[in-house]
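**Student:** Dropping the sequence and predicted coords here.
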Amino acid sequence: MYCVKNITEDLYWIGGSDRRLALFENIYPIPNGVSYNAYVLMDEKTVLLDTVDSSISELFFENLAHVLGERNLDYLVIDHMEPDHCAAISGVVFRYPDVKLVCNTKTAAMLKQFYSFDVDSRILLVKEMDTLNTGKHTLTFVMAPMVHWPETMVTFDSVTGALFSADAFGTFGALSGNLYADEMNFEKDWLDDARRYLTNIVGKYGPQVQALLKKASALDIRMICPLHGPVWRENLGWFIDKYKAWSSYTPEDSAVMIAYGSIYGNTENAVNVLASRLADAGVKNIAMYDVSVTDSSYILSEAFRCSHLVFASSTYNGGIFTPMETLLLELKAHNLQNRTVAVIENGTWAPAAGRQMKEIISSMKNMTILSEELTIRSALKEEQLPQMEALVKAIAGSM
Ligand SMILES: Cc1cc2nc3c(=O)[nH]c(=O)nc-3n(C[C@H](O)[C@H](O)[C@H](O)COP(=O)(O)O)c2cc1C
């Protein structure tokens, strides 16, 4: 049966959630599931804003038919062509062949790449700040290239103040009846997933997110309707501030995150000693991750959150322990910047991980690598405790 939500007098949410998918984009674990949002505006003209992933398309079409009732579909606004949102477009065209596809030139080209139906006869091309009057509502189109594909745009309804924000302001996590962020304990139950979503998926494109935030600041936004996760109608500034921090690579918290790669546990022992002494020095809320155990998307998200990062790795065949190397390359690929970093290496006959970790970290922008470092030969020894204390002092002292 259909499952829709009435947002304002004539605006409806017609999305759905998937709790079965293990890996979003076939790479990110989503133990809390994910929602795919689409919206319908029942004005003098009827407007569908984006579609959904194929996994929930049956429900989506039932929802769409229910909201439209006897009416035809006049417009489909395509804000984003990624298949988790565009998968149902051909089904929409098949069911409502007179529909006009409202999109920009880049989207039109992608439509032809993904689909074989007659695109040209249905296209209504829009560019930056073009408007579409649908009766009571006027939609304004704002280009948001690389947030997170080149064709991405967002759509603003000046009557309700609703920003249909495409992937921006989205989050992992299935919806459980409540559609609005103010109906949930977002900070406790959703913020980590929202950070992991943004930093992993769009983290590389911080300047482009900043450009969108600048454009958005000129609009009287009263509601944010993203393509994933809850709708925002209260406390928008709080969430926008999170986006400002993440997209400018500004640490959210003055906090230490320790990521370690250890084959037999000796490097792990060393970071446990470090963490314990950091706590003695007054450092609170220390986060620690084993790079072999925790998926790198979680650690990357934590690296965006924390001001201070410690990387500790065994040497592995003359290099960095592979999962640690993968993590560091991921952090670099996502443009992480502006962090204070400490490095610990371990090696039984020729320690080399430290130098190689520092090579990667120093190729990232504005990373301060502490000169206090530690080389362990197989296992941490008591005579190295002064060195450890110096490292603790350097980390705690720079917070
Ligand atoms: C397959 C393998 C390759 C290794 N390669 C090196 C190496 O190239 N240089 C070195 O100094 N130690 C090497 N080690 C030793 C590790 O660095 C060793 O596990 C570490 O010193 C002890 O720390 P851990 O208990 O945290 O793994 C290697 C160990 C393994 C299992």
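**Tutor:** Cool, the structure landed. Numbering: from 1, shown residues only.

**Student:** what does the stretch 251-399 of the chain have sitting close to the ligand?
**Tutor:** Within reach of the ligand by CB under 6 Å from any ligand atom, the stretch 251-399 of the chain has these residues: 262-267, 314-318, 346-351, 378. C-beta here means a position set from N, CA and C on the backbone, and glycine is covered the same way.

**Student:** ok, what's across the strand from the residue of the stretch 1-150 of the chain found nearest the ligand?
**Tutor:** Distance from the ligand to each residue of the stretch 1-150 of the chain (CB to the nearest ligand atom) is smallest for Pro29, at 25.1 Å. As for beta bridges, Pro29 partners with Leu23 under DSSP bridges.

**Student:** Would you mind measuring from it to Glu234?
**Tutor:** The spacing between Pro29 and Glu234, counted by CB to CB, to the nearest Å, is 30 Å.

**Student:** Also Glu183?
**Tutor:** 10 Å.

**Student:** Okay, helices next: where are they in this protein?
**Tutor:** Assigned by DSSP state H, the chain shows helices spanning 57-68, 83-86, 89-95, 105-114, 186-189, 191-201, 206-216, 236-247, 266-280, 296-305, 322-333, 353-362, 385-397.

**Student:** rewinding a little: from what I can see the residue of the stretch 1-150 of the chain closest to the ligand touches Ser301, true?
**Tutor:** No - using CB atoms under 8 Å, Pro29 is not in contact with Ser301; the gap is 11.8 Å.

**Student:** Between these two, tell me which one has more neighbours.
**Tutor:** Ser301 (23 against 15; other CB atoms under 10 Å).

**Student:** Quickly note the distance from that one to the ligand.
**Tutor:** Distance from Ser301 to the ligand, counting by CB to the nearest ligand atom, to the nearest Å: 25 Å.

**Student:** what about that residue, distance to Ala259?
**Tutor:** Distance check for Ser301 against Ala259: by CB to CB, it reads 12 Å.

**Student:** Point out where the stretch 51-200 of the chain drops to low pLDDT.
**Tutor:** By pLDDT under 70, the stretch 51-200 of the chain has no low-scoring segment.

**Student:** Could you give the number of residues near the closest residue to His148 other than its chain neighbours?
**Tutor:** What sits nearest to His148 in space, not counting adjacent residues and going by CB to CB, 6 or more residues apart in numbering, is Val202, at 4.3 Å. Per other CB under 10 Å, the neighbour tally for Val202 reads 24.

**Student:** can I assume Val202 is in contact with Leu212?
**Tutor:** No - counting by CB under 8 Å, Val202 stays clear of Leu212, with 9.9 Å between them.

**Student:** which residue does the stretch 251-399 of the chain bring closest to the ligand?
**Tutor:** Gly347 (2.7 Å).

**Student:** This completes my enquiry, with thanks.
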